[in-house]
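Participant: need a 3D model of the sequence below.
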Amino acid sequence: MKQLLEVFLQQLDTDGKILERLPRRIVWLSGAPAAGKGTHTRKLMEYFHLYPEPLITSSLFQTPEMRAKINQGILLDDETVICAVFQELQNPRYQSGVLVDGFPRKEGQAYSIEWLYQAMQKRGWKPQFLSILLLVDEETSVARQLGRAKHARAYNERVQKTGIGTLQEVRATDLDPAIAHRRYQTFMQETYASIQILKGKIPFITIDANGALEVVTQQLRQELRKMKDFRR
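Facilitator: I've put the predicted structure just below:
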């Protein structure tokens, strides 16, 4: 797979300048469903002085077919996802650094990060990549997913009654316990295993996100303080 992926990635570089257009400071944020990626994104971007908006991988896929798969907790194929992410990363607004939310999710995507990191090093550059993984157990994940939908629905009812506030998204995957369990199991079977590829290749942090928000935040801060070479 790795050799095929390398050929594919080289083909993406149609003018030989893709590396020059990609940011060299990237936080790759991954986590189990409802592990708290959205909650910690803003804190991470502020801490590392990254572009004020994250690159949310799932937002790049909006066709009905893609949304149908995503809403069922099914992962999209590597080529589609890697192409979309690498294309979006070339946007000049991310040049000084960016947080990528929800990538990698499969083995090929993890290899693409390793490939990118090594390709930049071969150019004599010093890429600053950091992989952060938030973990929760299955029971916690499912409870949070379903609770998130319940909270959003209650909030939206208040907004509709009062006219005050903005409606929140109710994720289709948060409405069905079976899908919530499947999302978690898919994460553990595919995403978690794939992300391990990056250990020892780029700076890597794993956070136990089962606890209360303040406890998880403190643990994250402690780990981030060790990343002195990344923060500027």
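
Participant: quick one: the strands in this protein, in order.
Facilitator: 25-31, 55-56, 98-101, 128-135, 204-208 (DSSP state E).

Participant: avg pLDDT for the third one?
Facilitator: If you average the pLDDT over strand 98-101, you get 96.

Participant: mind listing residues that contact stretch 84-99?
Facilitator: Residues from elsewhere that reach stretch 84-99 (C-beta atoms under 8 Å, 6 or more residues apart in numbering): 9, 12, 18, 21-27, 29, 41, 44-45, 48-51, 54-55, 57, 60-61, 100, 103, 109, 112, 128. Yep, even glycine has a C-beta here, placed from its N, CA and C like the rest.

Participant: now it: buried residues?
Facilitator: 84, 85, 86, 88, 89, 94, 97, 98, 99 (16 or more other C-beta atoms under 10 Å).

Participant: next up, the contacts around residue 192.
Facilitator: Contact analysis of residue 192 by C-beta under 8 Å, 6+ apart lists 32, 133, 135.

Participant: next one, pLDDT for it please.
Facilitator: pLDDT, read off for residue 192, is 95.

Participant: just residue 210 next, same as before
Facilitator: pLDDT, read off for residue 210, is 97.

Participant: what residue lies at the spatial centre of this protein?
Facilitator: residue 102 (2.0 Å; C-alpha atoms, centre = their mean).

Participant: I figured it hits residue 61, correct?
Facilitator: No - taking contacts as C-beta atoms under 8 Å, residue 102 lies outside contact range of residue 61: 10.5 Å.

Participant: measure residue 118 to residue 94 for me?
Facilitator: 20 Å (C-beta to C-beta, to the nearest Å).

Participant: er, residue 144 actually
Facilitator: From residue 144 to residue 94 the distance is 29 Å (C-beta to C-beta).

Participant: that older thread, turn the buried residues of stretch 84-99 into TSV, columns for distance to residue 36.
Facilitator: What follows is the buried residues of stretch 84-99, written out as TSV (distance: C-beta to C-beta, whole Å):
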residue	distance to residue 36
84	24
85	22
86	26
88	23
89	24
94	23
97	22
98	19
99	14
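
Participant: let's see which of these end up in helices.
Facilitator: Among the buried residues of stretch 84-99, the members found in helices (DSSP state H) are 84, 85, 86, 88, 89.

Participant: all helices of this structure, in order?
Facilitator: 2-12, 18-21, 37-48, 64-71, 78-89, 107-122, 138-162, 177-186, 193-195, 213-224.

Participant: the fifth one vs helix 107-122, what angle?
Facilitator: Translated: helix 78-89. 40 degrees (axes from the mean of the first three to the mean of the last three C-alpha atoms, to 10 degrees).

Participant: for the record, mean pLDDT for helix 78-89?
Facilitator: For helix 78-89, the per-residue pLDDT averages 90.

Participant: kindly report the same for the longest one.
Facilitator: For helix 138-162, the mean per-residue pLDDT is 92.

Participant: would you confirm that residue 137 contacts residue 210?
Facilitator: Yes - the pair residue 137 and residue 210 qualifies as a contact (C-beta under 8 Å) at a distance of 6.1 Å.

Participant: which of these two has more neighbours?
Facilitator: Taking neighbours as other C-beta atoms under 10 Å, residue 137 and residue 210 compare with residue 210 leading, 18 against 14.
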